[in-house]
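> Sharing a sequence plus its predicted fold:
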Amino acid sequence: MNQCKKRFTFFLTLLLLSCGFVMAQQVTIQGKVTDVNRETVPGANVLIKGTTKGTITDAEGRYTITANRGDVLVVQSLGYVAQNVTVGTQNTIDVVLAIDDKTLDEVVVTALGIAKDKKALGYSVTEVKGSDFTQAREINLGNALSGKVAGVNASATATGPGGSSRVVIRGNGSLSGNNQPLYVVNGVPIDNTNVNSAGMWGGFDTGDGLNSINPDDIETISVLKGGTAAALYGSRASNGVILITTKTGKGQKGLGVDYNGTYTMDRPLTYNDWQYQYGQGTQGAKPTTQAEAIATGAQSWGAKIDGQPSIQFDGVSRPYSAQRDNVKNFYNAGGTFTNTIAVAGGNDVANFRFSASNLDSKSVIPNSGFKRKSFNLSANGNLSKKVVFESVAQYNVEEGYNRAFLSDTPKNPNYAAQMIANTVDIRNLAPGYDANGYEQQWNGNVYAQNPYFVINKVKNNDVRNRFLGSFSLRYNVTDFLYVRGRIGTDNNAMKFMNMEPTGIAYAPRGQMSRNETQINETNAEVLVGFNKEFGAFSVNALAGGNRMRRFTEGLGYNGQYFTIPFQYFLDNTVTKTPSYTYNGYGINSVFASADIGYQNVLFLTLTARQDWFSTLAPKNNTLFYPSAGLSFVFTDVMKNKGNWLNYGKVRASLAQVGGGYPNPYALNLTYGLQGQNYINSVPLMNIGTSTIPNANLQPNTSTTTELGLESKLFNNRIGLDLTVYNRVTTNDPVAASTSTATGYNSVLLNVGKVTNKGIELLLTGTPVKAPSGFTWNVSYNLAYNQNKIVKISDELDNLQVDQSRTQNAYIYQFAGQPYGMIAGYKEKRDASGNVVYNSSTGLPIQSTFMALGRGVPPLTMGITNTFNYRNFSFSFLIDAKFGSKIYSATNVYGTRNGLTKETLNGREGGITLTGVNENGDAFSRNISAQTYYTGIASTITDHFVYDGSFSKLRQLTFGYSLPKKVLAKTPIQSVSLSLVARNLLILFKHVPNTDPESNYNSGNGQGLEMFGVPPARSYGLNLMVKF
Amino acid sequence: MFSFFKKRRLPVLTTALTASLLLSSCDKGFEELNTNPNAVTDPVMDNLFSYSIVKTAGTGYENHRGNLIYCGAMIQHFASLQTYWSGDKYLYNAPYTDAYFETAYQNHVKEPEQIIALTKNDAAMSNQYNIARIWRVFAYHRITDLYGDIPYSQAAQGYLNNVYTPKYDRQQDIYADMLKELDEAAQGLDASKASYTNSADVVYAGDLSKWKKFAYSMMLRLGMRVTKADATMAETYVKKAIAGGVMQSNDDIAKLAHIEGSDNTRNLDSNTLNTQEYSESQYSGKGNSKLSKTFVDFLKNNNDPRLPFIATLWQGNANPAQEASATDPAKQKGLPNGYDAQTIVAAIPGWTDNSLTEYSEANLNKIASNAAPTVFQSYAEVEYLLAEAALRGWGDGQAAAHYNKGVTAAMSMMSLYGGSVTSAQIETYLTAHPFSTGTMAQQMEQVATQYWAVNFLNSYEAYANWRRTGYPVLTPTNYVGNETGGTIPRRLRYPTSEASKNATQYNAAVAQQGADLMTTRIWWDKQ
């Protein structure tokens, strides 16, 4: 209880700090905002300076606001120079805005959804408009961020449509925990769990929470990169925060209808570049029997391709000829169709917006795809003069079907599509089953499925019903003091079905499972806000509390062996195993922040948050997170700043935030019961965890220092935003992998110190702005992140994060090295550099285990060029990543199977290897190419580690808007039609036979690739109509 | 300031609301959020013990890879044309050599270690403690026999003693400790005290005298194992085991009964053969593995009455109604080891795609039924070891009698699998194959070969005894690209995970034992 008293006192102190001020007289001001061309300006912000209180002009540019005499109204709208008007004795204030394409006093959404003047921020926030995502589209919002924001490393996964994405801001800080940001939609944290993903043993990816966001509903995205920006989120902020604000009906008079439709075709972006000189077989010989043809189904170690008849897997003889188009022939089905319609309406008192969207995406793999229906309702109203209600509710139905298995071979159609012997036409494997419905085997490994059997018979399905709601009530106590309460909830109900049919080669009796998982997070928040100016000082403060509860519950039924073959329902299975999982936790928080401005040129921001965790030992379950930021607009105090310098600001900040708080139930050892008893119902109990628990765990601490410079130059033609930061993450709660001889796989420890130092640059420019109306805008962002694992722990100097199915390559953290190193073996060499060979096999011996290259690129950049001329617009985005490596299992298997061009060496006459043997004596031997390459494929990791750098033409749009004149007599306000494309071209890459962006999951083990769905190039048409 | 609160009721209300929200964290609900509703913190020893036995019998993973694919093929019980049958061809397949090591530490020894730690100082639970010690020896001896020096004294102590990188103990030290443990535990069993409940003791249903016999029988097995490396230690413990009292009949066999049902009730060696190797509906006799020619020839050439219960043509497995004709001894044929689908064509004249269907499979209705028990140690083995002890002059001198008892027990054991070998058949066999009157080497060969035969499907044991005795004499294969230069492997390589996650200790073990290769001999196998 003592602790609770402290907690309460702390809260009261915060509250009192923000209360207790006198009141002034209020008046209601009305007015109209127009521009210099006498055009009305709808949607302009009218803010009382130094407060967050404000309103927005309606469709006719009119506004109403309650203010005090002497208050300064700041009227601003994108594209206009902001204007300050002091409230005098008048009740009507009409404002005429000057046009300016570079608005300086930008307002951005910051933590807790509070809009702030950008120049007052002591930290870097990047805002991206929703319209950036609505033409050339991605299903997963994370993928769409690639190349758009400096310091945000967004990468897609090779999962097919509806898979997960990986977004990392300012480098990875956590050794093995979550490194992705917190996503907050309309002030409410949302779940971004990747419930099913592929690992070394295969599996498929059922996507993450970002798949639920319909880009048509996004107003803005604010990326809170540094600790200070995110500090108000305390223990959830260590990886930054991405705030998504959805559209509302504000400013809408009467009804408005928007339609957005896009259709794109999806085709693989890369194809394997195999050898076509030697065909199917082994040791230089073609198969001579059907059994041999099956045994060598994935082997191209045969004879010289001669076009002569040769027996194949099905006993049929076909010409022994090169089949170059297997990949093209197999992956031919992709396409995505999206339609969104939005209706908005409102008046002075209330407004609403409702959107309905349907997305139907077919994977490049036949019979596989993803569908999403989403409905979004925003309703806001002024319940009285002082009470404002705001709400957003979103309901989604998302369905993935027959998602592709990735990585390991079982049920993975990509293996066959890419590894089938180069003289076998993959289409002859169709339909994949024999007359009895059993899998037609094409190779000797029962776990490497016939791809047509997979697409025709193997089924999986996942449906997510999601409700996202945010409801807030704000009471303006006085013009400078308000109280706001908000409840937000994210409810995910997911159903999964997974079925292996009768006749599948490795389990011919088949099996199926059904699972249901619910994830629910609810946040209740109350805060008191205060805005007031005292002479030259402005104070903007708030204090409040948040209560978070999160529950995950899963029910499953697994059925083995179908009693009646080919009938697929659970009751038809012989052995049924139920399962149930549950976990829940909570975080209680109090927080406060104060922004103090001096003369509108110097700003200080202080924040504090205290979190209590249910998952920590009760005696020691709370942590404090402070931050401070300073911003100085030096151009406002310069007397002679010259014509070239329009605006300049420096900023500095320091923050301590947290992350990676322990999972529930990680404090003590627990014992579990097996779902199935032994004979006579004898219960079986085991130690229920493979991770050694630890009662003293704490969340990690991430301390960020940041310095920045923002400037506008040469008549606002050039913009510059430069940031340098240093982020130090310590005491990471890590499930450190242990020797399996411990009885466990890992141990929970607070370990490590990771530093991320980096620089971020955003350069914007308008190289051409011709009187004819032709404009060319460029936006270039660059981020360099230098990452180092300073220390792991006294007991451990390395940590395994992931491993490849080849079991010859790993992702490791090594003390003293960058984050996430690909690790494995090179050829062993003696002191003179000679390769050491195993004299019984004739193959090179492995070196000791070592780091082979970083899996995460340190240097990322993106450049967007936009051209506008009259009704035409043309825009493209090129992004690039440099400095990482990738271990390509596609090339490992391609080499093992005699498909890579490299394996042409020594096909005739073998390969002569010279070096030394184990005893250091001279060694020389001639071995067959097949023996050599099969040998190194499973032992010499380094041989298959490639430079992962690449650049892609990521996005392209070419649009035409119908002239207003044409539409004048129709109810239509605007129509635009665009050619759109995503992932159009790889401008350069170094890894052969695969796309460098082929990670099969979005976890921390980046740099491993194996038989994913080839990333798709999509291109098509977009139509936008506004009524 | 206070007047402000008086004037404004709403903020006061809100304050109260916020405060109560925060104070609510002080109630018990907040801390109780962290109680796992699906687990217990106090284990039930009975249930932990049952789990440990059931899992040591095999989880379906390590026994497929370790018992069948590696040991079973290296020892030439099984043969295969598939290259994933690495033991058939002496290939190194990392995930397959890793499997036994990784699974054993996580599923076999972890729970016994926990029981031992929790009961060690509880006098009332001394029987549970001692039985867990006996079981722990069983689990560890298989690991060290496969790999040599292994983590032992510091193993499975991740939670108990926070050891995350356990050291590798020398095999001679491990053997010394295991033998000491068996001795202490056997002596510590006390019939006047409670033990595991009869149902939880899934091996002996609470019969302490049988546990004691098992402890001494294991001592006999382990003592005899070290004859090459330390004859004195061998003699001491073999004698001690005999004096302590070993198994007396097939009633004493250490085994786990199975029934068809779930993975926790069925025999998972059998199930693996059933579902992954033979898969009748799919392969129609062209399955992935077959019985080895070496093994089938031994049974067939000696007119062994066990043959029909061990071997069948695929039709007998596909349809039990055809078992009678499919198990006809005359029809049984074993597949030679060391070939693949291509090289077999040259090796066997007239080989066609259909030839594979003519080769015998393990009988899924009998010895390899999903309801067949898993035998940890058989009485027949014990008699063979006693015969050897007699030959070495460490026993009662009755080598022939022990041989006869062993053969009789081994054949009668078919009843465990729904087979039946009559005493007349046994008589006939023993008349045709009496105990050798030749040299000691010939006698050893005869006993060890029977030991090899009775340990079909307990290939770990067959492989260990072969390495020690060299019997039966097996002809190695020499598949292209093999890891051993055409010799039968002497051990399995350590898991690749040890080389990375436990690098320091692993490197020390390699320095101590020799290169981590399949040709490196372990301590008790030193020539």
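Yep, it's here.

> ok, whatever residue of the stretch 101-250 of chain B ends up closest to chain A to B:Lys331 distance?
For the stretch 101-250 of chain B and chain A, the shortest gap (C-beta to the nearest C-beta) falls at B:Gly158, measuring 3.1 Å. Using the backbone N, CA and C atoms, a C-beta is placed for each residue, glycine as well. For B:Gly158, the distance to B:Lys331 equals 52 Å [C-beta to C-beta, to the nearest Å].

> Between those two, which is the more surrounded one?
Neighbour count, other C-beta atoms under 10 Å in any protein chain shown: between B:Gly158 and B:Lys331, B:Gly158 has more, with 28 against 16.

> surely the more buried one meets A:Thr740?
No: counting by C-beta atoms under 8 Å, B:Gly158 stays clear of A:Thr740, with 9.6 Å between them.

> Count the neighbours of residue 191 for me.
Chain wasn't specified; assuming chain A. Counted with other C-beta under 10 Å, A:Asp191 comes out at 19.

> that's the wrong chain, I wanted chain B
10.

> Contacts only, for the residue lying closest to it once chain neighbours are set aside.
The shortest distance from B:Ala191 to any non-neighbouring residue, by C-beta to C-beta, 6 or more residues apart in numbering or on different chains, is to B:Leu208 (5.2 Å). Shown in contact with B:Leu208 (C-beta atoms under 8 Å, 6 or more residues apart in numbering or on different chains): B:127, B:189-191, B:195.

> Now tabulate the residues you listed in JSON lines and tack on pLDDT.
Shown next, in JSON lines, are these (pLDDT from 0 to 100):
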{"residue": "B:Asn127", "pLDDT": "97"}
{"residue": "B:Leu189", "pLDDT": "97"}
{"residue": "B:Asp190", "pLDDT": "96"}
{"residue": "B:Ala191", "pLDDT": "94"}
{"residue": "B:Ser195", "pLDDT": "96"}
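
> Mind checking which of these land in helices?
Secondary structure from DSSP state H places B:Asn127 of the contacts of B:Leu208 in helices.

> Give me the buried subset of the contacts of B:Leu208.
Neighbour-count burial (16 or more other C-beta atoms under 10 Å in any protein chain shown) applied to the contacts of B:Leu208 gives B:127, B:189, B:195.

> Now do B:Val510, the pLDDT please.
As predicted, B:Val510 sits at a pLDDT of 96.

> can you list the domain ranges for chain B.
B:1-202+B:481-527, B:291-362 (automatic domain parsing).

> The residue nearest to A:Arg236 when sequence neighbours are not counted: how many residues sit nearby?
Nearest residue to A:Arg236, sequence neighbours excluded (C-beta to C-beta, 6+ apart): A:Leu182, at 4.7 Å. For A:Leu182, the neighbour count with other C-beta under 10 Å is 21.

> A:Asn834 too?
17.

> Relative to A:Leu232, how far out is the residue nearest to A:Arg236?
According to C-beta to C-beta, A:Leu182 and A:Leu232 sit 11 Å apart.

> With B:Gln106 instead?
B:Gln106 is 43 Å from A:Leu232, by C-beta to C-beta.

> Tell me which of those two has more neighbours.
A:Leu232 (29 against 22).

> what's the neighbour count on the closest residue to that one other than its chain neighbours?
Closest residue in space to A:Leu232, ignoring its immediate chain neighbours: A:Ala111 at 4.0 Å, by C-beta to C-beta, 6+ apart. Number of residues near A:Ala111 (other C-beta under 10 Å) recorded here: 24.

> What of B:Asp201?
Applying other C-beta under 10 Å, we find 23 residues neighbouring B:Asp201.

> is it true that it touches B:Phe214?
No: at 11.5 Å, B:Asp201 does not count as touching B:Phe214 under the criterion of C-beta under 8 Å.

> Show me what the host helix or strand of B:Asn507 is packed up against.
Secondary-structure assignment from DSSP states H and E places B:Asn507 in helix B:503-513. Helix B:503-513 sits against strand B:168-169, helix B:496-501, with contacts defined as 3 or more C-beta pairs under 8 Å, 6 or more residues apart in numbering or on different chains; DSSP states H and E.

> lowest-confidence stretch among these?
Mean pLDDT values for the helices and strands packed on helix B:503-513 show the minimum at helix B:496-501, a mean of 88.

> The stretch 851-1000 of chain A against chain B: which residues are in contact?
The stretch 851-1000 of chain A comes close to chain B at residues A:918, A:931, A:934-935, A:938, as judged by C-beta under 8 Å from any C-beta of the partner chain.

> and if we set it to 6 Å?
Residues of the stretch 851-1000 of chain A lying close to chain B by C-beta under 6 Å from any C-beta of the partner chain are A:Thr931.

> Would you state the helices of the stretch 851-1000 of chain A in chain order?
A:889-896, A:929-939, A:964-967 (DSSP state H, counting those that start in this stretch).

> Helix A:889-896 and the second one, what's the angle between them?
Read that as helix A:929-939. What separates the directions of helix A:929-939 and helix A:889-896 is an angle of 150 degrees, with axes from the mean of the first three to the mean of the last three C-alpha atoms, to 10 degrees.

> if you skip the residues just before and after it, what's nearest to A:Ser924?
In space, A:Ser924 is closest to A:Thr914, 4.3 Å off (C-beta to C-beta, 6+ apart).

> and that neighbour, how far is that from chain B?
20 Å (C-beta to the nearest C-beta, to the nearest Å).

> Contact partners for residue 216?
With no chain named, the answer covers chain A. A:134, A:260, A:340 (C-beta atoms under 6 Å, 6 or more residues apart in numbering or on different chains).

> let's do chain B instead
B:186, B:241, B:244-246.

> and those residues, which of them are in helices?
B:186, B:241, B:244.

> ok, and the most crowded of those residues?
B:Ala241 (29 neighbours).

> what sits against that one?
Shown in contact with B:Ala241 (C-beta under 6 Å, 6+ apart): B:216, B:219-220, B:223.

> mind listing what residue 146 touches?
Chain wasn't specified; assuming chain A. A:Ser146 sits next to A:154, A:879 when contact means C-beta under 6 Å, 6+ apart.

> hmm, I had chain B in mind actually
B:Leu146 makes contact with B:100, B:492 under the criterion C-beta under 6 Å, 6+ apart.

> Now with 8 Å, please.
When contacts are counted by C-beta under 8 Å, 6+ apart, B:Leu146 touches B:66, B:71, B:100-101, B:460, B:491-492.

> got it, and B:Ile116?
B:129, B:132-133, B:136.

> Spell out the secondary structure type for it.
What DSSP: H, G, I helix; E, B strand; the rest coil gives for B:Ile116 is helix.

> likewise A:Val728?
Going by three-state DSSP: A:Val728 is strand.

> That one: neighbour count?
A:Val728, neighbours per other C-beta under 10 Å, totals 17.

> What of the one 10 residues further on?
A count of nearby residues for A:Thr738, using other C-beta under 10 Å, gives 27.

> So for it, what's the nearest residue that isn't a sequence neighbour?
The nearest residue in space to A:Thr738 (C-beta to C-beta, 6+ apart) is B:Tyr164, at 4.4 Å.

> Dihedrals phi and psi, that neighbour?
phi -100, psi -20 (degrees, to the nearest 10).

> correct me, but B:Glu181 touches B:Arg136?
Yes: judged on C-beta under 8 Å, B:Glu181 makes contact with B:Arg136 at a distance of 7.3 Å.

> neighbour count winner among the two?
Between B:Glu181 and B:Arg136, B:Arg136 has the larger neighbour count (other C-beta under 10 Å), namely 25 against 20.

> Excluding chain neighbours, give the residue nearest to that one in space.
Counting by C-beta to C-beta, 6+ apart, B:Arg136 lies nearest to B:Pro112, which is 4.3 Å off, once chain neighbours are set aside.
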